[in-house]
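[1] Generate coordinates for the sequence data below:
(one chain, ligands or ions: 1)
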Amino acid sequence: MAKVGIIICARYRDCGGGKCFRAMRERHGGFARYPADETVEIVGYSTCGGCPGGNVEYVPAEFIKNGCDVVHLATGLVVGYPPCPSIRRFKEFIETQYGLPVVVGTHPIPLKYLQTHDRLSFWDASGMRELAAHLLAEPRELMEAYN
Ligand code: SF4
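    Now for the predicted structure:
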């Protein structure tokens, strides 16, 4: 069983989580790593707290109290406008401070977001193509289904 804590970008704090929970159920995006027969339980769900992401310092401790063994940084950090400038720091901090592995992404990248980012100069400079290579490798039809 995987016990997952999700941290979303606070700019999307009102999001109902539909894409993330769908991806968890369908094993897409960041959840594709878990076999279909493995139970995935969400043990925590929070925002970063808003730029520059102060909640990241504390919220993994809450996740751990609920048995968390892996943290997912939501796809909104990858393809928001602009992409989160601190996503690498969040990943390294959580892995170093809390010893929890951090997966970049929850749901697949919606195709319409990718099509826009492909035309933005700062997207290449962000290094996100490498950090989220597993999301970018998903079929375009799947991305379109998450538009
Ligand atoms: S851009 Fe990054 S630091 Fe800013 S609100 Fe979103 S996740 Fe938090």
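
[2] Tell me where the longest helix sits in this protein.
    helix 87-97 (DSSP state H).

[3] Quick one: name the residues of this protein near the ligand.
    Within the chain, the residues that sit near the ligand (Cβ under 6 Å from any ligand atom) are 9-11, 48, 50-53, 77, 84, 86. (Glycine included, C-beta is placed from N, CA and C.)

[4] do you know how far the residue nearest to residue 54 when sequence neighbours are not counted is from residue 74?
    With sequence-adjacent residues excluded and distances taken as Cβ to Cβ, 6 or more residues apart in numbering, residue 54 is closest to residue 48, at 7.7 Å. As judged by Cβ to Cβ, to the nearest Å, residue 48 and residue 74 stand 9 Å apart.

[5] Which residues are in contact with each of those two?
    Jointly contacting residue 48 and residue 74 under the rule Cβ atoms under 8 Å, 6 or more residues apart in numbering are 7-9.
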